[in-house]
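A.B. asks: fold the following for me, if possible:
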Amino acid sequence: MRLLIFTFCSLLAGCATTSRDLDRLLTQYERDGFSGTVLVAQDDRILLHKGYGFANRERGIRNDTNTLFEVASLSKTFTAAALLELESRGVLKSDDALSKHLGTFPPEKAEATIHHLATHTGGLVPEGAELVYGADRDAFVESVKNVGRESVPGERYRYTNAGYSMLAALVEKASGEAFEANVQKLIERAGLRDTYFRGAVPEHALPRVATGYRGSPAEASAPPPFQWGVRGSGGMVMTVEDLYRWHCALHGGRVLSAAPLAKMFHPWPEEGYGWHVTPELISKGGGMPEYASQLLYYPKERVVIVWASNDLGKRWRQTLNRELSAMVRGRR
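C.D. replies: Got it, this is the predicted structure:
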């Protein structure tokens, strides 16, 4: 009995030490300029969930567990889920040619499929023309059709935002509903409480949106409008806790059924259907000039690390990912 009691108490002490060590490390990073919110969990138990630095320096508002952040490319995971949900209902197939849903493409792009865009192998937009915009959905789609091709569809991987904005247009056309309406259904299914689209954050939540900084307060800036070319590839605003809920809902089968979920988390050669997947790590990050975010999931250790930052005066991604992962996984 003594041994059992000692072991149980030791485990509790170990968990408490991990939480204190995580907070101590992040408090040091805060002194060095880190500003954001971090959540770390293991075995479905949250070890740390805390804000550091300021959501708004000028008004003295600190980041906390309720702060809303721009999550940039983590928005792509919602686009992929909306796409796969439509496929599960037979509305579309991932091997459909884009032209089936978006009209005629130039001959050199005619072989591009939904799967090509979902895995960043479409080759539709040359590097340097990433941000192809249009006044509305159809103008955006036409601009992508008319810009020069980069590579033969399916030939090579290159990460592109325009491809996922094209997928948002395709979701809208195939479903007959606004892209946001498709995603909102998934948000509700996942039980998310604080997830919005840029420009549509409700009045009561606006004071909780973190201001983005590139360094000094003078360099604070507002995100660009939520126009086509941003939809599907970015533009979502949420709490770190909701990112964790999204992870839990996906892996718990509450958003997608088994077949589409397997496609989402298949280890595609580079990246596909919203995520980087290897046997050791499932991850996705987001980045803008003023914001950065990350979700890391180590399935073997059942460790989840989620963070978002609103000050890129100093780049924290590599440091946070490396040091938090090492600490929680016992490799630091």
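A.B. asks: distance check, residue 169 against residue 142.
C.D. replies: Using C-beta to C-beta, to the nearest Å, we find residue 169 at a distance of 10 Å from residue 142. Placement of C-beta: from N, CA and C, glycine included.
A.B. asks: those two: who's more crowded?
C.D. replies: It is residue 169, of residue 169 and residue 142, that has more neighbours when counted by other C-beta atoms under 10 Å, with 24 against 14.
A.B. asks: could you look up the SS state of the more buried one?
C.D. replies: helix (DSSP: H, G, I helix; E, B strand; the rest coil).
A.B. asks: thought it was touching residue 137?
C.D. replies: Yes: Residue 169 is within contact range of residue 137, at 5.1 Å (criterion: C-beta atoms under 8 Å).
A.B. asks: quick one: common contacting residues for those two?
C.D. replies: By C-beta atoms under 8 Å, 6 or more residues apart in numbering, residue 169 and residue 137 have these common neighbours: residue 228.
A.B. asks: which residues touch the closest residue to residue 168 other than its chain neighbours?
C.D. replies: Leaving aside its chain neighbours, residue 168 sits nearest to residue 232 (2.7 Å; criterion: C-beta to C-beta, 6 or more residues apart in numbering). Residues in contact with residue 232 (C-beta under 8 Å, 6+ apart) are 75, 76, 79, 164, 165, 166, 167, 168, 169, 171, 179.
A.B. asks: where do the strands sit along the stretch 151-300 of the chain?
C.D. replies: 195-197, 236-238, 276-277, 282-287, 292-298 (DSSP state E, counting those that start in this stretch).
A.B. asks: what strands line up against the shortest one, and which way round?
C.D. replies: The sheet places strand 276-277 alongside strand 282-287 (antiparallel), with pairing taken from DSSP bridges.
A.B. asks: related to what we said a few turns ago, most tightly packed of the strands of the stretch 151-300 of the chain?
C.D. replies: Of all the strands of the stretch 151-300 of the chain, strand 236-238 has the most neighbours on average by mean count of other C-beta atoms under 10 Å, namely a mean of 27.
A.B. asks: what is that strand packed up against?
C.D. replies: strand 69-70, strand 195-197 (3 or more C-beta pairs under 8 Å, 6 or more residues apart in numbering; DSSP states H and E).
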